[in-house]
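A.B. asks: Prediction below, plus the sequence it came from.
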Amino acid sequence: MNERSLKDLFHLIKKVLPEGQELIKLPPETPIREALEIMRKNNISQIPIVESESVMGVFSYKSLAQGMLKLLPAKKNPIELPVEEFIEDLKFALITDELTSLLDEFDLKDAVLVGREDHLQGIVTVVDALNYFYQVSTPYILLREIELAIRELIRRSISEIDFKGCIDKTLKDYYEKNNQQVPTCLEDLTFNDYLMILRFRGTWNKFSAAFGENSDIVYTKLEPLPKLRNDVFHFRREITIEEYEKLRDVRDWLLKRIKKYEARKKNTNNE
């Protein structure tokens, strides 16, 4: 088993620094026109300004706008001026710094420099941080939406009395054999319980309006999720792209089922 540093368990700057980032640096004498063209071509919003490997600051659209207000009116065409007249300071962060400690800096300046003034390693923007947090949190968000959607579709498909009868038919024997208390409400059910209820032919007619006529399609979509859910919530491994797409597909399918169910319900109420 490959061991990893204990620090890798935390959200550090090195995890956010874009892999293979091509760090573009410019000397202070670079004309604004040239810097803007480089920024446009590379789809970046700021460039470190470096003199003899020492970082002077950062030239950005924001620093340009702020600098223009201070220098106007100027006799010379501002776009021909050197970028050194329009730079701002950004905070330096080490790759071992915690990402959360820099959130205020992202809010204030939109980016941080990684490294030291005499050794620039990269630049991390607020978008890089957002993308990182999005990747980390998305599996949990998708699983939450999936589980809540299944729960609500079941809730709206069956009365409390019928729910108890459904539990007796599908789950009671299993729980009693394992000396566990039989669930009495939806919130007590596990993901596997949802599957057992929806898989049981004897009660499927109660759920078909919400989930669709074909129970095999429903089971095929949901069957891989209990194990995947456990892997995610118990931090056993990183999920694959294919598994992420599976979660997204199930989430989107359930959203469509809810929209259809609510549309039919609304139509019935209006009749």
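C.D. replies: Perfect, I can see it now.

A.B. asks: residue boundaries of the strands in the stretch 101-250 of the chain?
C.D. replies: Secondary structure of the stretch 101-250 of the chain by DSSP state E, counting those that start in this stretch: the strands cover 111-116, 119-125.

A.B. asks: Please point out which parts of the first one sit buried.
C.D. replies: It refers to strand 111-116. If you call a residue buried by 16 or more other Cβ atoms under 10 Å, then strand 111-116 has these buried ones: 111-115. Yep, even glycine has a C-beta here, placed from its N, CA and C like the rest.

A.B. asks: what's the angle between that strand and strand 119-125?
C.D. replies: Inter-element angle recorded for strand 111-116 and strand 119-125: 160 degrees (by axes from the mean of the first three to the mean of the last three Cα atoms, to 10 degrees).

A.B. asks: Could you tell me which strands sit next to strand 111-116 in the sheet, and their orientation?
C.D. replies: Using DSSP bridges, the neighbouring strands of strand 111-116 in the sheet come out as strand 92-93 (parallel), strand 119-125 (antiparallel).

A.B. asks: and Ser63, that one's in a helix?
C.D. replies: Yes. In this structure, Ser63 lies within a helix as judged by DSSP: H, G, I helix; E, B strand; the rest coil.

A.B. asks: Could you single out the nearest of the buried residues of strand 111-116 to Cys185?
C.D. replies: For Cys185, the nearest member of the buried residues of strand 111-116 is Val112. The distance, counting by Cβ to Cβ, is 47.6 Å.

A.B. asks: For the closest one, which non-adjacent residue is closest in space?
C.D. replies: In space, Val112 comes closest to Ala93 once its chain neighbours are excluded; the distance is 4.7 Å by Cβ to Cβ, 6 or more residues apart in numbering.

A.B. asks: same thing with Ile24?
C.D. replies: Nearest non-adjacent residue to Ile24, counting by Cβ to Cβ, 6+ apart: Ile47, 5.6 Å away.

A.B. asks: do Met68 as well
C.D. replies: Distances taken as Cβ to Cβ, 6+ apart place Pro78 nearest to Met68, at 6.1 Å, with adjacent residues excluded.

A.B. asks: State the pLDDT value of that neighbour.
C.D. replies: At Pro78 the predicted local confidence, pLDDT, stands at 75.

A.B. asks: Check Trp253 too.
C.D. replies: For Trp253, the pLDDT comes out at 95.

A.B. asks: so it touches Leu222, yeah?
C.D. replies: No. Using Cβ atoms under 8 Å, Trp253 is not in contact with Leu222, being 9.7 Å away.

A.B. asks: And the residue nearest to Val112, how far from Leu99?
C.D. replies: Ala93 sits 9 Å away from Leu99, taking Cβ to Cβ, to the nearest Å as the criterion.

A.B. asks: Contacts only, for Ile87.
C.D. replies: 28, 49, 56-59, 63 (Cβ atoms under 8 Å, 6 or more residues apart in numbering).

A.B. asks: Can you tell me the SS state at the residue lying closest to it once chain neighbours are set aside?
C.D. replies: Using Cβ to Cβ, 6+ apart and skipping the chain neighbours, the partner closest in space to Ile87 is Gly57 (3.5 Å). Reducing the assignment at Gly57 to three states with three-state DSSP gives strand.
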